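Student: Please work out how this folds:
(2 chains)
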Protein chains: 2
Amino acid sequence: MSFFSKIFHSSSYAPSAPSLPESYDQRGQTYSTTSYPSNYSHQQQQQSYYGQGTSGGGGYSYGHSGFPPGTSPDVIRSFEMVDRDRSGFIDENELQQALSSGYQRFHIKTVRLLMFLFKNPHDSLRLGPKEFAALWSCLGQWRGIYERYDRDRSGKIDLLELRDALYGIGLATPSSVLQVLISKYDDGSGRKIELNFDSFVECGVILKGLTEKFKEKDKGYTGTASFDYDEFMSMVIPFLVSHD
Amino acid sequence: MSFFSKIFHSSSYAPSAPSLPESYDQRGQTYSTTSYPSNYSHQQQQQSYYGQGTSGGGGYSYGHSGFPPGTSPDVIRSFEMVDRDRSGFIDENELQQALSSGYQRFHIKTVRLLMFLFKNPHDSLRLGPKEFAALWSCLGQWRGIYERYDRDRSGKIDLLELRDALYGIGLATPSSVLQVLISKYDDGSGRKIELNFDSFVECGVILKGLTEKFKEKDKGYTGTASFDYDEFMSMVIPFLVSHD
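Tutor: Below is the predicted model:
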């Protein structure tokens, strides 16, 4: 297992479960603007998503062995649709196709970030059924958050909606940080900056992922963490760049 | 002055001066693979770049007032060429034009990162003559490093050349970090990943900038630094690369 596989766990990039928003809101308020959520144990909540469908999905040959038990047939179908050679693995372009048909078009750099965060420890360039199912479940949760906080039903998320959405899952991100983050999506038109779902997911997994990494070094929730230089760089760099 | 203006100083993003490579090599070796450079006081070295030409540059009206004394006429000409309305400020598209004519084509996302790092504290969307001159000088220094370490004269920098180039300016970046960073530039062709000048600059300013931020919190060079959560997020997010 590589150093990065050890420090990056794909389950960290799902939002908190949408079914428990009130408790997260309260937690956010308790911690004020410097807080971060103290409950990220959504692994069990994620499992319940897998249980919604029946396994298999139309006799797809590796459905039973590759996917977690109870994976929804929709997820398996989506994987099958893009894995044309039935290798049991999909690359970044195939993942982009799958996500773009499930949601709206996903930018290749968001796809690459997700590939990295959810990667198979044995093959960093492709996802297998297990990783795909985990990613799909995570995106389903982010989708719920996105739709819930798009209060004006514009189909996009602006700065205030983003702040509230993050607050809703327990992330009280400093507003100066959010402003810098959202400014990266300025298209230069002079219009108010609004995020599509893929950009929202990108912001979300970056903020949540960095917060998780910080929390791993601040187990007592003091609000302060110490890093050595290599740890710091190894933690931060994966979130930064993706060429296209 | 904004919070970000206070914590980000554009002079931090130049490499160490190319004229002093041996001493930086030695320093890199002294600190072994977990080291980072203990001498970043290149401000004075940068100033000497400004002194190479005469001020003014063909009677350009705001050359004397806007540019630092002794700015090279080439720099002024380059600014003048893209600032067609003679407003004294250039936006990201104009900066992209200026850099793409001075060097090779610069990707808009690299341009945006540079815009952010060198921004005018009063106008975050445009650069004035002073910021442009500082950016140009910084890029000139990175260009020197790039050409020096492109040992096979391929016109591009591969992983080993990148490692050596960074080592040459005193940055002993963990190889696992470099691998992740360079993997972001994989074009999916299966060929060895190599960086153009703009990608090299992007990697360089990110690694050097983050190292600077770390060092500011580790004044005793212990190799360990403490951050509070807001500080940590504010420090990292600006290095995320923009959408396009």
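Student: Which neighbouring elements make contact with the one helix or strand A:A134 maps to?
Tutor: Assessed by DSSP states H and E, A:A134 sits inside helix A:129-149. If you count contacts as 3 or more Cβ pairs under 8 Å, 6 or more residues apart in numbering or on different chains; DSSP states H and E, helix A:129-149 packs onto helix A:43-50, helix A:63-66, helix A:73-82, helix A:92-102, helix A:159-168, helix A:197-216. (Each C-beta comes from the backbone N, C-alpha and C, glycine too.)
Student: Please identify the most buried of these.
Tutor: Counting by mean count of other Cβ atoms under 10 Å in any protein chain shown, helix A:197-216 has the highest mean neighbour count of these, with a mean of 22.
Student: where does A:W142 sit relative to chain B, distance-wise?
Tutor: A:W142 sits 17 Å away from chain B, going by Cβ to the nearest Cβ, to the nearest Å.
Student: check contacts around the nearest residue in space to that residue that is not next to it in sequence.
Tutor: The shortest distance from A:W142 to any residue that is not its chain neighbour, by Cβ to Cβ, 6 or more residues apart in numbering or on different chains, is 5.1 Å, and that residue is A:V201. The neighbourhood of A:V201, defined by Cβ atoms under 8 Å, 6 or more residues apart in numbering or on different chains, consists of A:110, A:114, A:139, A:142, A:146.
Student: Would you point out which residue of chain A is nearest chain B?
Tutor: Sorted by distance to chain B under Cβ to the nearest Cβ, the residues of chain A start with A:K184, at 3.9 Å.
Student: surely A:L195 meets A:S154?
Tutor: No. Proximity of A:L195 to A:S154 does not meet the contact threshold set by Cβ atoms under 8 Å, at 10.5 Å.
Student: Among the two, which residue is more densely surrounded?
Tutor: For A:L195 versus A:S154, the count of surrounding residues by other Cβ atoms under 10 Å in any protein chain shown is larger for A:L195: 24 against 11.
Student: how much space between the more buried one and B:L113?
Tutor: Applying Cβ to Cβ, to the nearest Å, one obtains 19 Å for the distance of A:L195 from B:L113.
Student: that older thread, avg pLDDT for the helix holding A:A134?
Tutor: Confidence for helix A:129-149, expressed as mean pLDDT, is 93.
Student: How about stretch A:15-27?
Tutor: The predicted confidence, averaged over stretch A:15-27, sits at 37.
Student: how many neighbours does A:D123 have?
Tutor: Here the count is done by other Cβ under 10 Å, and A:D123 has 12 residues near it.
Student: give me every residue that touches the nearest residue to it once chain neighbours are set aside.
Tutor: Of all residues not flanking A:D123 in the chain, A:F89 sits nearest, at 6.6 Å (Cβ to Cβ, 6+ apart). For A:F89, the contacting residues are A:83, A:120, A:123, A:126-128, by Cβ under 8 Å, 6+ apart.
Student: Low-confidence regions, chain A specifically.
Tutor: Counting by pLDDT under 70, the ranges of chain A that qualify are A:1-12, A:16-65, A:241-244.
Student: can you give me phi and psi for A:I90?
Tutor: Main-chain dihedrals, A:I90, degrees, to the nearest 10: phi -130, psi 150.
Student: what about the helix holding A:A134, distance to the chain center?
Tutor: On the basis of Cα atoms, centre = their mean, to the nearest Å, helix A:129-149 is displaced by 7 Å from the centre of the chain it belongs to.
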